[in-house]
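Asks: what shape does this take:
(one chain, ligands or ions: 2)
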Amino acid sequence: MVERALGAIILAAGKGTRMKSDLPKVLHALGGKPMIRHVTDTVSGLSVERVCVVVAPGMERVAVAVAPHRTAIQAGALGTGHAALSAAVEMEDFGGDIFILFGDTPLITPETMRALVAARQGEDGPAVVVLGMRPAGPNAYGRLIQAPDGALERIVEAKDATPEELSAPVCNSGVMLVDGSRLFHWLRRIGNDNAKGEYYLTDLVALARADGCACAVVEGAEGELLGVNSRAELAAAEAVLQRRLREAAMAEGVTMPMPETVYLCCDTRFGRDVFVGPHTVFGPDVTVGNRVEIKGFCHFEGATIADGAILGPYARLRPGADIRSDAHIGNFVEVKKAIIEEGAKANHLAYIGDARVGAGANIGAGTITCNYDGFDKHVTDIGAGAFIGSNTALVAPVTVGAGALVAAGSTVSQDVPADALAIERAPQEQREGWAKRFRERKERAKAGRAAE
Ligand code: UD1
Ligand code: MG
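Replies: Ligands and ions are numbered 1, 2, ... in the order given. You can find the predicted model right below:
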C-alpha cells in the first residue's frame, strides 16, 4: 500500500445567494455547529496533515471559525475551479494526495473519505477519484459520464448537459481526491466557456483524461452528500444529522420513546441509562450524567446535569445551570448560572438565577431569585437543608443559612441566619361572620331590583 500524505482544500467562498442571508452560507449551523466546522472536524479526524479553507474577501468570520487551519482568499467568485486554484499559495508545495471538499456539503463521513483514499491506492491507481451518488429525485447536480467499464470520462454540469447526459444515473457530490503533484497544473488549464461563464472544477476530469490519466468513481450515500444551497436544503441536512445524533445517543444507552421529537447538538453528551422524554431540545454545550430522567418538553443549553437528577416536564436550563446528583427540577422552573446541589428540589414554577442552592434544600412553588436591579446581577446563596416557602422573593444579594425556614409569601431582603425562621407578612385580620352578612346583603339588594 502506498502511503501518501493527505491534504484538503475546502471551498467556502461562494456567495450563497440562494440562502438570502447576511451570514456567509458555511456559517449557518447544523446541530449547533457551523457547516464549515462539520467539514473541518471530519477532515481532522482523518490524519489530514494540511487543510486550507478558501474564503472570499471579507469573510473573516469564516477564517476565525476554522482556525487554526489555513485560509486562502479567492478574489471574485469565478467558480469552483478558480476557488480551488486560489489555494495554490498554501497547498502547491504539499504534493501528496489532496481532497477537494465543499463547505456546503457538511454531512460527509470519514468512512466515505477513506473509501476515496483506498481507490487511489496502487502503483497505477487513478490520478483522480470522484465521489458520486445516486439521488432519488430530480436534481441540479453535475452528471458523471462513465465508460462502460465504470471509468470516469468527464463531468458535465446540469445546465450544460444534453438530455441524454442528464439521464446519467450517478451525480457529482463535489468531493474528489486528486494527485497533489498534478492538481494545480490541471486547475490552471480550466477555462470558463460554459453556460454559467464560470471556471468549473468538474472540468478537471476531462483534462486529466486528456493527459492519459485514469479517473475513477466511488459512490456514497445521497444522505451524506446533500449540498446545502437554500434554507430548505439546510433543514433537509439537519434532519439527516439529527437522525444520526439520536441513533448515536441510543446506541450509547439513552432511551428515547419518541426520538423524532428530540433535538440534539453535536456536542450533547450523555451518560448511560438516561431517559429523554418527547419534545426536548438540547442546545449547545449540555452534558448529562448517568441515570438522569428527563421528562418531556424540556429546553436545555449550556448546562451540566449530574447522575440521578430528575428534570421536567417543562424544565428550562440556561447557561451555567449546574444540576448536581439526584436534584429535582420540575415543571416551569428556570435555572440560570446556578448550582443546585445534591438532592435539592425546585419542583414547580420558580426562577433560580445567579444562585447556589445547598444540598437537600427545598424551593417552594413560585420562588423567585430577584437577581437583577436593572444594572447589575447579584447572588443568592441558600444553605443546605433550607426550606423556602412558596411565593418567596429572594432579593439578592442575600444569604439564607443552612437549615433556615422562610415562610411562604415572604420578600426576603436581609440575610437569614442558619436554622432561623424568616417571616415577612402583614398580620392577618379575621372578621367573624363577615362573609355571610355580605352575601345576605347582596342577595336582598338583588331581589329588590328584580321586584321593581
Ligand atoms: C457543485 C458542482 C456540481 C455538484 C454540486 C454538489 C461545480 C462546477 N459544480 O455545484 O457538479 O453536483 O456542487 O453539491 O463544481 N465556491 C467557491 N467559489 C466559487 C464558487 C463556489 O468557493 O467561486 C464554493 C461554495 O462556497 C460551495 C462550493 O464551492 O461551498 C460549491 O459551490 P456551489 O455554487 O454550491 O456549486 P453547485 O452549483 O452546488
Ligand atoms: Mg452547492
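Asks: for stretch 311-327, what is the average pLDDT?
Replies: Averaged across stretch 311-327, the pLDDT comes to 98.
Asks: what do you get for stretch 188-204?
Replies: 95.
Asks: could you pull out the buried residues of it?
Replies: 190, 194, 198-204 (16 or more other C-beta atoms under 10 Å). (Each C-beta comes from the backbone N, C-alpha and C, glycine too.)
Asks: so that stretch, near ligand 2 or not?
Replies: No: shown here: stretch 188-204 not in contact with ligand 2 (C-beta under 5 Å from the ion), separated by at least 11.4 Å.
Asks: send me that stretch as CSV with only the CA atoms.
Replies: This file holds the C-alpha atoms of stretch 188-204, laid out as CSV (Å, rounded to 0.1, in the frame of the first residue of the first chain):
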residue,chain,number,x,y,z
ARG,A,188,-4.6,26.3,-14.3
ARG,A,189,-5.9,24.9,-17.6
ILE,A,190,-9.6,25.0,-16.7
GLY,A,191,-11.5,27.6,-18.9
ASN,A,192,-14.9,29.3,-18.5
ASP,A,193,-16.6,28.6,-21.8
ASN,A,194,-19.9,27.2,-20.4
ALA,A,195,-23.5,28.1,-19.5
LYS,A,196,-22.5,30.0,-16.3
GLY,A,197,-19.3,31.5,-17.7
GLU,A,198,-17.5,30.0,-14.6
TYR,A,199,-14.3,28.1,-14.0
TYR,A,200,-15.7,24.6,-13.2
LEU,A,201,-13.7,22.3,-11.0
THR,A,202,-15.5,19.5,-12.7
ASP,A,203,-13.6,20.1,-15.9
LEU,A,204,-10.5,18.8,-14.2
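Asks: that stretch near ligand 1 at all?
Replies: Yes: judged by C-beta under 6 Å from any ligand atom, stretch 188-204 comes into contact with ligand 1 at 200-202.
Asks: could you measure from the closest residue to L421 other than its chain neighbours over to ligand 2?
Replies: For L421, ignoring the flanking residues on the chain, the nearest one in space by C-beta to C-beta, 6 or more residues apart in numbering is L405 at 5.0 Å. Relative to ligand 2, L405 is positioned 64 Å away (C-beta to the ion, to the nearest Å).
Asks: which residues does L405 form beta bridges with?
Replies: L405 has these beta-bridge partners by DSSP bridges: F387, L421.
Asks: any weak-confidence spans in the stretch 201-350 of the chain?
Replies: Nowhere does the stretch 201-350 of the chain drop to pLDDT under 70.
Asks: can you pull out the helices in it?
Replies: All helices of the stretch 201-350 of the chain, identified by DSSP state H, counting those that start in this stretch, fall at 204-210, 231-251.
Asks: sorry, back to before: pick the one among the buried residues of stretch 188-204 closest to M133.
Replies: T202 (14.4 Å; C-beta to C-beta).
Asks: residues contacting that closest one?
Replies: 80-81, 142, 154-157, 172 (C-beta atoms under 8 Å, 6 or more residues apart in numbering).
Asks: what about the closest residue in space to G358 that isn't next to it in sequence, helix or strand, and which?
Replies: Once flanking residues are discounted, G358 sits nearest to A384: 3.5 Å by C-beta to C-beta, 6+ apart. Counting by DSSP states H and E, no helix or strand carries A384.
Asks: so A384 sits against V357, correct?
Replies: No: if you go by C-beta atoms under 8 Å, A384 and V357 don't touch, sitting 9.1 Å apart.
Asks: common neighbours of the two, please.
Replies: With C-beta under 8 Å, 6+ apart, A384 and V357 have common neighbours E341.
Asks: more neighbours: which of the two?
Replies: V357 (30 against 18; other C-beta atoms under 10 Å).
Asks: show me the contacts for that one.
Replies: 338-341, 344, 346, 363, 382.
Asks: quick one: which of the contacts of T202 is nearest R244?
Replies: Nearest member of the contacts of T202 to R244, counting by C-beta to C-beta, is N172, at 23.1 Å.
Asks: against ligand 2, how distant is the closest one?
Replies: From N172 over to ligand 2 the distance is 10 Å, taken as C-beta to the ion.
Asks: how close does that residue sit to A118?
Replies: 20 Å (C-beta to C-beta, to the nearest Å).
Asks: and the two? Which one has more around it.
Replies: N172 (25 against 13).
Asks: got the phi and psi for the more buried one?
Replies: Here is the backbone geometry of N172 (degrees, to the nearest 10): phi -90, psi 120.
Asks: do I have it right that it meets I145?
Replies: No: the criterion here is C-beta under 8 Å, and N172 misses it with I145 at 10.3 Å.
Asks: find the residues that touch each one of the two.
Replies: I155.
Asks: find the residue closest to D273 in space, skipping its chain neighbours.
Replies: R291 (4.9 Å).
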